[in-house]
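Undergrad: Generate a structure from the sequence data that follows.
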Amino acid sequence: MIREILSGLLWQGRMALRSGDVRVFAAHGYVDEGYRPSRVPFFSVVGPLGLHPEPERENGRTATSTVRVPGHVIGRPRGPADSVPAGGALKLRLDGRAVVTLTALPGGSFASAATGPALVAALNAKLADALAGGQFQEPSGAPLTDPLLLAALAAVTCRWDAEGGRIAISADPGIASLDFRSSVEVLSVTGSIAAPLGLEPPERAQEGRTYLSRLRAPRAMTVDVQVDLWAASQVDLASMMDTVALSIPTRGQMVLRPSLLGADVPEGATKLRLLTRGEPTTPASLAHLEASDQGQERARGGRVDLTPGASWEPASGGLRLSGTGTATVRVHPTPVVPDLFHPDNPAPDGLGLSLGLRVDPGAADAQTLPVCVLLAQAQPVLRLVLKYLQAGTRLWGEVVATATLAREGGTQVAETRWRLPAERLETGVVLHARLEAGEGVVWLSVDGAPQPLQDADATPAAPVAAPGVTVATSDMLLTLGADTGTPLAFTVDHLHLSAEPVGPLDPALRRSVTAPSRLRPGDVVVLGDCEDGYRIGKRRFQALALSVDGDEVTLSRPVEGGWSRGRTLVFQDECFFFQTQLRRRDDLLNHLYRCSVDYRVSALLEEPNARASARLVEKPQVELLPRGASRAAGGHPGTSVTEVDTAKRGAI
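TA: Take a look at the predicted model:
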């Protein structure tokens, strides 16, 4: 829990702090008074400096939730001498009712390491085809039509245990209404390959069970921490202090283990998707795309229009553009109903544009890749183009950033060029362009580091300045790619356009979100309204995580209300903190300016590991009573069936 508190403070620092055209580095600091950071501006969190119990505060309560373990069959280990004949069949009965026969299965010798995975892949494909084709039957032979059971069968899966050399088939976890039990049974059929697969008795088989997951009651404690701000000038330190006063004030709340939604969550949903990495949407965001958005941008919920050649990669790989494919987003649209608070120019002082770019290999000299352009009434506000050029034996990719600014009734163009090695663009970079309208310069950064203006190879010419005001207007169009075509395909895994000339984020921020893989059954999941990316509003929803499948988290109860992906922060807990001391510790000899702020964080320290205990049912005991018959006093309590002929088997 202490680690989560320190990470929560770092999250707020990384989210809010910018300083000119460079990022503010953030990390866990050191208690050593002689410590000096190697780079500035620097934001560090030192601690814990002390732990104190809070006897006047009530400790938290014990948390419990149910965890379902699906019914399954685990086969006997297969060795190099074992093999499976091709063209065999396998007959299964799932959840006590759904019968299916899988035919034309592949074979092979288990002496090959590829046989087991290939058989499992074929079984999964056959099960999916059977479900899609309506091939599941009732035990009587009639087609299975129960919608609840058909929906549950989508969770049936086969897996290969490479270490143990075994095949396992797992059913769905079971229906919450307990109408069906979770089980897998292997039945006999002509041409069965159950024995060669190791799935005939005495294989290991178990019906589904439900357990209680129990957390111990947390203890109320306060944690003393110290925030150090380092800068090379008084101006930078003053700017950081202003930001800290806003993002980490003298008294406030702090979320722990923040996560970001990968998709909007409608009311009544029992599942939600989380980003594995990403950054929050802020009030200044004009357009925001993440790899998982799949056709919808996050800042205002607008649509992303694709033309042939542009497509969303599966498994959140990003937006891929090739040929004449383009992706277009409408930016700052005119309201349908006139709004006095709608500005004609949303960014008169400048813009900030960040995107994750990866270019396919195969670049050649003189090739030009149109990356993106922001158009206002057919006039480019900001444009990024990649031009390849051969210099000696090295191939460079030159990033050309141009911006149009208005001044004294006319327009002029600012231009900045930065040469990057072609191989670096192939591995992927986070490119950030900051248009400072007052200076009339486009400042570039890659992976959070500013352009080296003194490097003659990287910067052969100084940036061309054109002071003025941006020509941004309402109804702008942000386009990735170009309809004239691109000689090389490229992928954009995120894009963030801000209405302020902000510098790049610390790249560690995108990696610091709590990925879904870090959640475990029984963990608390809280959804809260969030407008600035790190502070939570009044509306909340809380549930427990039942299971995690990839980036999808199943919740213990339906979601109340609708939640937008760009205006929601998912977290586990929140703490209260208050400032106890503020002091300056300048190191003028080394030209370092330092300010230290002490905070006391009030938190409930929890044991992180849930305890699975209290098995609810070891073996179901069901007593069938005809309608109207009297029931003995010694019968099993809580078990009754209305009719013998229509009764379903009780289950966990």
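Undergrad: Check which strands are paired with the helix or strand hosting residue 304 and give the direction for each one.
TA: Taking DSSP states H and E as the definition, residue 304 sits inside strand 304-306. In the sheet, strand 304-306 lines up against strand 326-331 (antiparallel) (DSSP bridges).
Undergrad: Quick check: next helix or strand after the strand it pairs with?
TA: On the C-terminal side of strand 326-331, the closest following helix or strand by DSSP H and E is strand 350-359.
Undergrad: if I pick residue 55, what's in contact with it?
TA: Neighbouring residues of residue 55 by C-beta atoms under 8 Å, 6 or more residues apart in numbering: there are none. Using the backbone N, CA and C atoms, a C-beta is placed for each residue, glycine as well.
Undergrad: What is the three-state secondary structure of it?
TA: Assigned with DSSP: H, G, I helix; E, B strand; the rest coil, residue 55 falls in the coil class.
Undergrad: still on that earlier bit, list the contacts of the strand holding residue 304.
TA: 289, 293, 295-297, 312, 319, 325-329.
Undergrad: Just the buried subset of the residues you listed, please.
TA: 289, 293, 296-297, 312, 319, 325-329 (16 or more other C-beta atoms under 10 Å).
Undergrad: now the contacts of strand 304-306 as CSV including pLDDT and distance to residue 505?
TA: Listed next are these as CSV, based on pLDDT from 0 to 100; distance: C-beta to C-beta, whole Å:
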residue, pLDDT, distance to residue 505
289, 95, 15
293, 84, 18
295, 81, 25
296, 87, 22
297, 91, 18
312, 91, 23
319, 94, 20
325, 95, 28
326, 96, 27
327, 95, 22
328, 95, 25
329, 94, 20
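Undergrad: Relative to residue 202, which of these is nearest.
TA: Checking those against residue 202 by C-beta to C-beta gives residue 312 as the nearest, at 47.7 Å.
Undergrad: Just the element for that closest one, please.
TA: Assessed by DSSP H and E, residue 312 sits inside strand 310-313.
Undergrad: Now tell me what touches the helix or strand just after that strand from outside.
TA: Counting by DSSP H and E, the element after strand 310-313 in chain order, helix or strand, is strand 318-323. Contact with strand 318-323 is made by 289, 291, 304, 308-313, 327, 356, 358, 480-481, 485-486, 489-494, as judged by C-beta under 8 Å, 6+ apart.
Undergrad: Give the burial count for residue 387, as a bare number.
TA: 16 (other C-beta atoms under 10 Å).
Undergrad: Repeat that for the one 4 residues further on.
TA: A count of neighbours around residue 391, defined by other C-beta under 10 Å, yields 12.
Undergrad: Can you tell me how far residue 374 is from residue 328?
TA: Using C-beta to C-beta, to the nearest Å, one gets 11 Å for the distance from residue 374 to residue 328.
Undergrad: Name the residues contacting each of the two.
TA: With C-beta under 8 Å, 6+ apart, residue 374 and residue 328 have common neighbours 477-479.
Undergrad: Now secondary structure, pLDDT and neighbour count too, for these, in TSV please.
TA: Putting the shared contacts of residue 374 and residue 328 into TSV (DSSP: H, G, I helix; E, B strand; the rest coil; pLDDT from 0 to 100; neighbours: other C-beta atoms under 10 Å) gives the following:
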residue	secondary structure	pLDDT	neighbour count
477	strand	95	16
478	strand	97	24
479	strand	97	19
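Undergrad: which of the residues you listed lies closest to residue 193?
TA: Residue 193 lies nearest to residue 479 out of the shared contacts of residue 374 and residue 328, by C-beta to C-beta, at 54.7 Å.
Undergrad: how close does the closest one sit to residue 511?
TA: Using C-beta to C-beta, we find residue 479 at a distance of 29 Å from residue 511.
Undergrad: And the residue nearest the centre of this structure?
TA: residue 275 (0.8 Å; C-alpha atoms, centre = their mean).
Undergrad: what residues are up against that residue?
TA: Counting by C-beta under 8 Å, 6+ apart, residue 275 touches 259-262, 290, 292, 513, 515, 551.
Undergrad: For the nearest residue to residue 532 once chain neighbours are set aside, pull up the helix or strand it's in.
TA: Spatial nearest neighbour of residue 532, chain neighbours left out: residue 282 (5.8 Å); criterion: C-beta to C-beta, 6 or more residues apart in numbering. Here residue 282 is covered by no helix or strand, with elements defined by DSSP H and E.
Undergrad: Let me see the contact set for residue 282.
TA: 498, 532-533.
Undergrad: all strands of the stretch 1-150 of the chain, in order?
TA: Secondary structure of the stretch 1-150 of the chain (DSSP state E, counting those that start in this stretch): strands at 25-28, 42-53, 63-69, 72-74, 83-84, 88-94, 98-105, 108-109.
Undergrad: And the pLDDT at the residue nearest to residue 532?
TA: Model confidence at residue 282, given as pLDDT, is 89.
Undergrad: how about the helices in the protein?
TA: For the chain, the helices defined by DSSP state H occupy 2-16, 115-132, 147-153, 194-197, 234-247, 422-427, 508-511.
Undergrad: Would you tell me which one of those is buried the most?
TA: Compared across these, helix 2-16 shows the largest average neighbour count, a mean of 22 (mean count of other C-beta atoms under 10 Å).
Undergrad: Show me what the mean pLDDT comes to for it.
TA: The pLDDT scores in helix 2-16 average 81.
Undergrad: go on, stretch 426-446?
TA: For stretch 426-446, the mean per-residue pLDDT is 94.
Undergrad: Please apply the same query to stretch 366-384.
TA: 95.
Undergrad: Over to stretch 102-111?
TA: 93.
Undergrad: Can you name the residues in contact with it?
TA: Stretch 102-111 has contacts (C-beta under 8 Å, 6+ apart) with 78-92, 114-116, 118-119, 122-123, 126-127, 130, 165, 191, 193.
Undergrad: Over to stretch 364-371?
TA: Identification of contacts with stretch 364-371 by C-beta under 8 Å, 6+ apart yields 355, 357, 359, 384-390, 395, 480-482, 484, 486-488, 490.
Undergrad: hmm, try it at 6 Å
TA: With contact meaning C-beta atoms under 6 Å, 6 or more residues apart in numbering, stretch 364-371 is reached by 384-388, 390, 482, 486-488.
Undergrad: Mind checking which of these are buried?
TA: Among the contacts of stretch 364-371, those buried by neighbour count (16+ other C-beta under 10 Å) are 384-388, 482, 486, 488.
Undergrad: For those residues, could you give me CSV that also reports distance to residue 221?
TA: Shown next, in CSV, are the buried ones among the contacts of stretch 364-371 (distance: C-beta to C-beta, whole Å):
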residue, distance to residue 221
384, 49
385, 55
386, 53
387, 58
388, 58
482, 57
486, 56
488, 55
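Undergrad: What sits closest to residue 94 if chain neighbours are left out?
TA: The shortest distance from residue 94 to any non-neighbouring residue, by C-beta to C-beta, 6+ apart, is to residue 171 (5.3 Å).
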